[in-house]
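Student: Sequence first, then the predicted structure:
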Amino acid sequence: MRTETPPTIRLADYQRSDHLIDRVDLDIRLDPHASRVTAVLALRPNPEGVPGAPLVLDGDELKLVAVALDGEVMLENAYTATPSGLTIHRPPQRPFTLSIETEIDPTANTKLMGLYRSSGVYCTQCEADGFRRITYFLDRPDILSIYTTRIEASREEAPVLLGNGNPVESGDVPDTDRHYAIWQDPHPKPAYLFAVVGGRLGSVSGRFTTSEGRQVGLGVYVEPGKEARADYALDAVARSMKWDEDVFGRAYDLDVFNVVAVSDFNMGAMENKGLNIFNDKYVLASPETATDADYANIEAIIAHEYFHNWSGNRVTCRDWFQLCLKEGLTVFRDQEFSSDMRSRAVHRISEVRTLRARQFPEDAGPLAHPVRPKQYAEINNFYTATVYEKGAEIVRMLKTLIGEESFRKGMDRYFADNDGTAATVEDFLSAFATETGRDLSHFAQWYERPGTPRIAVSGHYDAAAKTYRLDFRQTRPGAGADAPPLVIPVALGLVGEHGPLDAKSERVRGGVFVLDKPKDSLVFENVASQPVPSLFRDFSAPVRVEIGLSDAERLTLLRHDPDAFNRWESAQRVALRIVIEAARSGAQQLDGAEGFADALAAFLDQEALNDPAFAALMLALPTEGEVASEIGANIDPDAILSARRRLRQAIAARLCEPLFALRETLAEPAGAPFSPDAASAGRRAFRNAALDLIAVADPERGTALARAQIADATTMTDRLAGLATLSQIPGEPREIELAAFAERYADEPLILDKWLAIQAAIAEDGTLARIGRLQQHPAFSITNPNRVRSLVGVFSLSNATQFNRADGAGYALVAETVMALDRRNPQIAARLLTAFGSWRQLEPARRAAAEAALRGIAAAEGLSRDVADIAGRSLQ
Ligand code: PHE
Ligand code: ZN
């Protein structure tokens, strides 16, 4: 039997629940194979629902032990129970209680949804619909209840017992080896924010006094022995709390805030009320074990989950179509936090790189969807770059359009008006509309339309009149000619040969022109000489820009644009042009490469020492993926790799000596203490970008430098960068260092993930065989999501030529992994399968091979809904 097409859930079909649950009293008795959950639900008919409607509770793989109504055991014909639901046929039309006892085997739970065990630690994951794997419930985000949770476990097995809210009581269970803890959460919440943890855990703790005078106890719980690696996360919690007070006026609202790190986790982390649960990769850090990128990620994700306490928890989502309401907004908030903690320009560039690497391709392929989807078959497949990253860009555009002050007022109103409720995108926008008196219904289109808009721009200088006109035209691929235009903030300015020009246009306010028609023009006055337009400064809208600037004009921006983002962007554009032309022509001689390399040399000369982090980004050429996404059709990954390599060669040859010198100048003095701050990380980033290019220019010298760095490194950033550089140089030294690294870190799974990832990304024919060997290596395990992502995920996303091998062997490898995973963890299997999302843009032979692999999966029997959904939509 082939898997049936999963049923579709539509936004347009939203209906209020006929019943409400005011209070939930849980008694959870933890046991490795037979955990018992008793849920006492205080129910009542929803005054706005259908009177007398049956009560239909969700379940998923549940085993019912007992059910009672108002304390009376229910007659068997009064209800129907299956693993996936419990229906009470004629519930009382007055408030009543329902007591439900279920039994769960957390050890057998390989989906990592509901109650499961990670390295022996009991933990839960309920978003989006995992609570129904714990007890029968109205498992939907618009059902808000007050929870009290009693957790009981063997003292030996689980000395630490954590729940949502505040701890109210704990003690021993008389005459047993067991103990219990009771937690009470005073804030109404949807079931997806529920969590418990029980296990042997070490911890670090701190205190924070809120602006409202509340004393909050902070705790970060990790595997015993790793407490020292939790300090940075703890510090990031305190900084997040302070920042949300200072910047958004949001104070914390419980007496404790706990973070728990677990090693088996499907996503990055989860914002359960007062009890955030994290993938340990985003908690654990020490100079010897974590890279600067790890520190930055930990800071950002700790902040993200903490910020959810207001954007997500206090104000939650009415239904899962509104996911961007909490995710896009919270990503925007964590981006602002990181920008304030680090360098704003550098951070903005990294945000845009992520958007272009993940969201643009998604929006250009069969998995494209609006930021607020209109329908889904499996909600877990909609935790996407579009919902998160494009969702954040929409919030950013709103702020650009209405200005900082109105934005803050609108946010205050949104929180005040919707506190304690489950809201919609409309509620969000209406807070800003009310505050500013503006009609935002046109702007709202950003939530409804998939696809990256294209903005074609042309500039016309009138030397006699000293005016400069810019003509704009917006289109969206796949949208009809009559599709409504979007409201697009264009931050812009003009730049001349010697610096920024101070020309004015009455249509530009605060540096922003608002393009809200299919076509529009604006004129600058008093323009003394032919200018170069600097458009979409700071990436003011998530669009693709088509403008026929010459390299020389772009390099003028690189030199003189006051907008750091566009200086970087200009270099990227020149590089893209060169690589794309070379990939098309196959020519050895790269047109314009010398001029580009000279411009980079001049830039380095002036700026590398001032801002090494920014300089490191200048040296990073667009990735193969970005080149492919820019080309958009008939893609030959081999041609792209080779063209990009040639440009790198040309740049490396020109910059090798200055880079060598700068690398020495920026070296950390011996014995300097480690700091993960942005300035120190920036110096490391620059030195390592330099090392990489030196190795391209002179592999022998690069090998020697990389090996010395691996040997002498005092940080994981430097040691790993040495290894990454060496991984690009085939030969014995590489194999020796890879083997030594594995041995050195044999007991450090998170470090070996990096080792797996480096090898998965090697763009060589031998990589497939290497991955085959690594799958057998003790460091790898198909049951752990981090291991799978590091090896097979990185291969599919960061090794374009090997994943897209002409013989189809790369597709086969990923397809086999998807199938092997589907039975145990469908969410991870489906996520891996999204790597095929751009298959239609490949050249015909590879397109056929990719399609065959996808069809093979789609035709398999007994597929999960997750994988069936991705395979089906990919083939549409
Ligand atoms: N809500 C989590 C976040 O902060 C992501 C997540 C979704 C985690 C689903 C687990 C399961 O983005
Ligand atoms: Zn989130």
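Tutor: That came in fine, so what should we check first? These numbers come from a predicted model, not from an experiment. Ligands and ions are numbered 1, 2, ... in the order given.
Student: so what's R584 up against?
Tutor: Neighbour list for R584: A639 [criterion: Cβ atoms under 8 Å, 6 or more residues apart in numbering]. Bear in mind the C-beta positions are built from the backbone N, C-alpha and C, glycine included.
Student: tell me the pLDDT at it?
Tutor: The model reports R584 with a pLDDT of 97.
Student: now do T3
Tutor: So, for T3, pLDDT stands at 48.
Student: again with the one 3 residues further on
Tutor: You'll see P6 listed with a pLDDT of 72.
Student: Tell me how far it lies from R476.
Tutor: For P6, the distance to R476 (Cβ to Cβ, to the nearest Å) stands at 28 Å.
Student: can you give me the helices for the stretch 401-550 of the chain?
Tutor: All helices of the stretch 401-550 of the chain, identified by DSSP state H, counting those that start in this stretch, fall at 404-418, 425-436, 445-448.
Student: Kindly apply the preceding question to the stretch 151-300 of the chain instead.
Tutor: 231-248, 292-307.
Student: nearest to G837, of those helices?
Tutor: Taking Cβ to Cβ, helix 292-307 is the member of the helices of the stretch 151-300 of the chain nearest to G837, at 23.5 Å.
Student: Would you double-check that L26 falls in a strand?
Tutor: Yes - counting by DSSP: H, G, I helix; E, B strand; the rest coil, L26 is part of a strand.
Student: Find the nearest non-adjacent residue to it, please.
Tutor: With sequence-adjacent residues excluded and distances taken as Cβ to Cβ, 6 or more residues apart in numbering, L26 is closest to T149, at 4.6 Å.
Student: Just say helix, strand or coil for the residue in the stretch 1-150 of the chain that ligand 2 sits nearest to.
Tutor: Of the stretch 1-150 of the chain, the residue with the smallest distance to ligand 2, taken as Cβ to the ion, is E127 at 8.9 Å. Under three-state DSSP, E127 falls in the coil class.
Student: Also I736?
Tutor: Reduced to three states by three-state DSSP, I736 is helix.
Student: So for ligand 1, which of the helices of the stretch 401-550 of the chain sits nearest?
Tutor: helix 425-436 (17.0 Å; Cβ to the nearest ligand atom).
Student: by contact count, what packs against that closest one?
Tutor: Applying 3 or more Cβ pairs under 8 Å, 6 or more residues apart in numbering; DSSP states H and E, one finds that helix 425-436 contacts helix 323-341, helix 391-402, helix 404-418.
Student: confidence score at G480?
Tutor: G480 is given a pLDDT of 77.
Student: secondary structure class for the residue nearest to L26?
Tutor: Look at T149: counting by three-state DSSP, its state is strand.
Student: which residues touch E223?
Tutor: Applying Cβ under 8 Å, 6+ apart, the residues near E223 are 119, 201-202, 261, 263, 280.
Student: can you tell me the helix or strand for the closest residue to D807 other than its chain neighbours?
Tutor: Excluding the flanking residues, the one nearest D807 by Cβ to Cβ, 6+ apart is A849, at 7.7 Å. Following DSSP states H and E, one finds A849 within helix 844-858.
Student: Mind listing what's buried along that helix?
Tutor: Across helix 844-858, burial judged by 16 or more other Cβ atoms under 10 Å covers 846-847, 849-851, 853-854, 857-858.
Student: In a markdown table: those, plus distance to ligand 2 and pLDDT.
Tutor: Listed next are these as a markdown table, based on distance: Cβ to the ion, whole Å; pLDDT from 0 to 100:
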| residue | distance to ligand 2 | pLDDT |
| --- | --- | --- |
| R846 | 35 | 98 |
| R847 | 35 | 98 |
| A849 | 36 | 98 |
| A850 | 31 | 98 |
| E851 | 34 | 98 |
| A853 | 32 | 98 |
| L854 | 29 | 98 |
| I857 | 29 | 98 |
| A858 | 30 | 98 |
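Student: Give me every residue in the stretch 251-400 of the chain lying close to ligand 1.
Tutor: Proximity of the stretch 251-400 of the chain to ligand 1 (Cβ under 6 Å from any ligand atom) is limited to residues 266-267, 269-271, 304-305, 308, 327, 383.
Student: In TSV, list the helices of the stretch 151-300 of the chain along with distance to Q775 and mean neighbour count.
Tutor: Output for the helices of the stretch 151-300 of the chain, formatted as TSV (distance: least, Cβ to Cβ, whole Å; neighbours: other Cβ atoms under 10 Å):
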stretch	distance to Q775	mean neighbour count
helix 231-248	31	19
helix 292-307	24	23
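Student: Of these, which is nearest Y79?
Tutor: helix 292-307 (37.5 Å).
Student: From one end of stretch 97-116 to the other, what's the distance?
Tutor: Its start and end residues considered, stretch 97-116 measures 28 Å (Cα to Cα, to the nearest Å).
Student: How far off centre is that stretch?
Tutor: 28 Å (Cα atoms, centre = their mean, to the nearest Å).
Student: Next: stretch 765-785.
Tutor: That offset, for stretch 765-785, works out to 25 Å (Cα atoms, centre = their mean).
Student: Among the helices of the stretch 151-300 of the chain, which comes closest to ligand 2?
Tutor: If we rank the helices of the stretch 151-300 of the chain by Cβ to the ion, the stretch that ends up nearest is helix 292-307, at 5.5 Å.
Student: Contact residues of this protein facing ligand 2?
Tutor: Residues of the chain lying close to ligand 2 by Cβ under 5 Å from the ion are 327, 330.
Student: switch the cut-off to 6 Å
Tutor: Residues of the chain lying close to ligand 2 (Cβ under 6 Å from the ion) are 304, 308, 327, 330.
Student: and the third one, how many residues sit next to it?
Tutor: Taking other Cβ atoms under 10 Å as the neighbour definition, E327 ends up with a count of 24.
Student: That one and E389 touch, don't they?
Tutor: No - the criterion here is Cβ atoms under 8 Å, and E327 misses it with E389 at 9.3 Å.
Student: just to revisit the earlier point, now do the following helix or strand past the helix holding A849 against helix 844-858, angle only.
Tutor: Using DSSP H and E, the helix or strand that follows helix 844-858 in sequence is helix 865-875. Angle, helix 865-875 to helix 844-858, by axes from the mean of the first three to the mean of the last three Cα atoms, to 10 degrees: 150 degrees.
Student: Output helix 865-875 as PDB, nothing but the C-alphas.
Tutor: Output of helix 865-875 as PDB, limited to C-alpha atoms (Å, rounded to 0.1, in the frame of the first residue of the first chain):
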ATOM      1  CA  ARG A 865       3.400  12.100   7.100                       C
ATOM      2  CA  ASP A 866       6.400  14.400   7.500                       C
ATOM      3  CA  VAL A 867       8.400  12.700   4.600                       C
ATOM      4  CA  ALA A 868       5.400  12.100   2.400                       C
ATOM      5  CA  ASP A 869       4.500  15.800   2.600                       C
ATOM      6  CA  ILE A 870       8.000  17.000   1.700                       C
ATOM      7  CA  ALA A 871       8.400  14.400  -1.100                       C
ATOM      8  CA  GLY A 872       5.000  15.200  -2.500                       C
ATOM      9  CA  ARG A 873       5.400  18.900  -2.500                       C
ATOM     10  CA  SER A 874       8.900  18.700  -3.900                       C
ATOM     11  CA  LEU A 875       7.600  16.800  -6.900                       C
END
